[in-house]
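S.K.: sequence? don't have it. structure:
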Ligand code: HPA
């Protein structure tokens with residue numbers, strides 16, 4: 001009898017260990033999936049799904065920081081394995097997104113790169129709704145968000161001179177050129193706390209600081225990716241002209257409608273760029289923690 005239960009226990013333990021190992025191996029770049037590596041993709045307001053993105057699996061990931069915005073939808077785009085996460089699933093407002101859980105979730109899945117799409121208000125005079133900006137700089141005006149993984153005993157100051165991955169940016173620039181897609185390939189993003197929109201004076205001030213676009217989700221997402229040694233790139237879709245510039249009252253409806261109209265072109269750009277991401281990283285992102293600790 002004892003022997004029978006012993007064998008049964010051994011069987012279950014073996015099965016469990018085997019399954020855990022399988023799952024671990026699936027997450028290692030180089031095993032399984034459409035390609036050698038996984039690319040993370042975060043969708044912003046109005047971008048809860050990507051047309052034509054074939055989802056093979058939905059994976060719930062628990063992290064030490066709590067739950068990400070939703071389950072990760074894992075599928076294929078341009079022959080590569082992509083893990084898609086809608087940032088505002090279940091209507092989570094920008095100041096309540098669990099940014100740490102989202103970024104940690106990608107890390108646990110084995111992704112080395114994250115592409116973030118977000119809706120923004122246009123500050124720069126030349127911008128029009130529907131324009132897409134590939135960011136190269138940011139200014140952080142958030143006030144009450146947990147903005148680091150290092151709030152314990154470890155003191156870490158990551159270099160953030162260039163907040164976005166140069167290699168991923170290059171893939172987007174090349175994809176826009178070869179696909180004939182209009183893309184502004186540099187722009188400064190100012191991140192505000194929200195959820196309210198800005199006053200006209202605030203936008204005037206941000207404009208004097210050379211900010212091109214304003215949004216509510218770019219931080220701490222970008223710095224958490226850097227602290228995780230992930231490559232991170234941000235694509236901003238101008239959904240409205242910013243407060244005081246727009247001749248009409250700003251509405252959430254305008255944001256969602258413009259984003260919906262841009263989904264096809266965003267998807268074409270994403271597919272092109274994802275297909276151009278080199279398999280091996282040749283950028284400084286993977287060594288962000290080197291020499292960053294006190
Ligand atoms: N301000 C802040 N965030 C935004 C805006 C805006 O005008 N549009 C879309 N996200």
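M.R.: Arrived safely. Since the structure is predicted, the reported quantities are computational estimates derived from the model, not experimental observations. Numbering: from 1, shown residues only.
S.K.: and the closest residue to residue 64 other than its chain neighbours, which of the three is it?
M.R.: Spatial nearest neighbour of residue 64, excluding adjacent residues (Cβ to Cβ, 6 or more residues apart in numbering): residue 104 at 7.1 Å. (Glycine included, C-beta is placed from N, CA and C.) Assigned state for residue 104: helix (three-state reduction, DSSP: H, G, I helix; E, B strand; the rest coil).
S.K.: can you pull up the bridge partners for residue 233?
M.R.: Residue 233 has these beta-bridge partners by DSSP bridges: residue 115.
S.K.: That one: neighbour count?
M.R.: Neighbour count of residue 233, defined by other Cβ atoms under 10 Å: 27.
S.K.: Could you pull up the contacting residues of it?
M.R.: Counting by Cβ atoms under 8 Å, 6 or more residues apart in numbering, residue 233 touches 113, 114, 115, 116, 134, 135, 164, 165, 168, 169, 172.
S.K.: With respect to residue 244, which of those residues is nearest?
M.R.: The shortest gap between residue 244 and any of the contacts of residue 233 belongs to residue 135, at 21.8 Å (Cβ to Cβ).
S.K.: how near is the closest one to the ligand?
M.R.: 14 Å (Cβ to the nearest ligand atom, to the nearest Å).
S.K.: Let me know the pLDDT of that residue.
M.R.: Looking at residue 135, its pLDDT stands at 98.
S.K.: Same question for residue 259.
M.R.: Value for residue 259, per-residue pLDDT: 91.
S.K.: Doesn't it lie inside a strand?
M.R.: No: using three-state DSSP, the secondary structure at residue 259 is helix, not a strand.
S.K.: For it, give me its contacts.
M.R.: Residue 259 touches 44, 45, 46, 47, 119, 237, 239, counting by Cβ under 8 Å, 6+ apart.
S.K.: Got phi/psi on residue 45?
M.R.: Main-chain dihedrals, residue 45, degrees, to the nearest 10: phi -50, psi 130.
S.K.: re earlier: if we check the ligand, which of the contacts of residue 259 are in contact?
M.R.: 119, 239 (Cβ under 6 Å from any ligand atom).
S.K.: In helices only, show me the contacts of residue 233.
M.R.: Mapping the contacts of residue 233 onto helices (DSSP state H) picks out 168, 169, 172.
S.K.: so, if you compare those residues, which one comes nearest to the ligand?
M.R.: residue 172 (20.1 Å; Cβ to the nearest ligand atom).
S.K.: what sits against the closest one?
M.R.: 134, 183, 185, 233, 235, 269, 273.
S.K.: Sitting in helices, which of the residues you listed do you find?
M.R.: Among these, the members found in helices (DSSP H) are 269, 273.
S.K.: Quick one: buried ones out of the contacts of residue 172?
M.R.: 134, 183, 233, 235, 269, 273 (16 or more other Cβ atoms under 10 Å).
S.K.: Columns pLDDT and distance to residue 192 on top of the ones in helices among the contacts of residue 233, output as CSV?
M.R.: What follows is the ones in helices among the contacts of residue 233, written out as CSV (pLDDT from 0 to 100; distance: Cβ to Cβ, whole Å):
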residue, pLDDT, distance to residue 192
168, 98, 24
169, 98, 23
172, 98, 24
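S.K.: Intersect those residues with the contacts of the ligand.
M.R.: On the criterion Cβ under 6 Å from any ligand atom, none of the entries of those sits beside the ligand.
S.K.: before we move on, the earlier item: can you give me the neighbour number for the residue nearest to residue 64?
M.R.: Using other Cβ under 10 Å: residue 104 sits among 21 other residues.
S.K.: And for residue 156?
M.R.: With other Cβ under 10 Å as criterion, residue 156 counts 14.
S.K.: just to revisit the earlier point, nearest to the ligand among the buried ones among the contacts of residue 172?
M.R.: Taking these together and measuring to the ligand by Cβ to the nearest ligand atom, the closest member is residue 235, at 13.4 Å.
S.K.: In terms of pLDDT, where does the closest residue in space to the closest one that isn't next to it in sequence sit?
M.R.: Nearest residue to residue 235, sequence neighbours excluded (Cβ to Cβ, 6+ apart): residue 117, at 4.9 Å. Residue 117 is assigned a pLDDT of 97 by the prediction.
S.K.: Need phi/psi at residue 94.
M.R.: phi -60, psi -40.
S.K.: brain fart, residue 85
M.R.: According to degrees, to the nearest 10, residue 85 has phi -130, psi 120.
S.K.: any chance of the contacts of residue 259 in TSV, with neighbour count too?
M.R.: Output for the contacts of residue 259, formatted as TSV (neighbours: other Cβ atoms under 10 Å):
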residue	neighbour count
44	27
45	23
46	21
47	24
119	26
237	27
239	29
